[in-house]
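Novice: coords please:
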Amino acid sequence: GICKEDSCVAGKKKEPVVCCRGFGQIRPNEDMDGSNPDTDKFPGIVCPGCKKPFEIDNFFLYRCNVVVKYRTKKDKEIQTVTEKVAEEKVWRLGGEGNDTGKEEYTSLVFNVSPL
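Specialist: Next up, the predicted model:
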């Protein structure tokens, strides 16, 4: 995404920022802002420069197994997608160039594990 904080190095330049999350369960719709890491149920998706939350444009997955469970505003049921992202392949979800445009998820959960 893009950090919108004028006091941030990345925000001033309007450059893309990346928040690496690693393996485990990632719940972007339920992430807190990261301001209370000891009590927040899920760690926040925050700019690495200023530690403030930013809007996510894309998810990039690399060298992992992932199960994505999601529901969009138009879905009645939770959908599940399983993907093995191996070798030098990168799996990109969201962002420009998507045939469907930007999707709004009412539920979004990634379970990411090593290959």
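Novice: Could you report the pLDDT at the spatially most central residue of the chain?
Specialist: The centre of the chain sits closest to F59, judged by Cα atoms, centre = their mean, with a distance of 4.8 Å. The model reports F59 with a pLDDT of 87.
Novice: Under the pLDDT cut-off, which ranges of this protein? List them.
Specialist: For the chain, residues meeting the criterion pLDDT under 70 lie at 31-44, 95-102.
Novice: my guess is P53 contacts I45, does it?
Specialist: Yes. Between P53 and I45 a contact is recorded at 6.5 Å, counting by Cβ atoms under 8 Å. In this view, the C-beta of every residue, glycine as well, is placed from N, C-alpha and C.
Novice: ok so, going back, tell me the contacts of the residue nearest to the centre of the chain?
Specialist: 28, 92-94, 110 (Cβ atoms under 8 Å, 6 or more residues apart in numbering).
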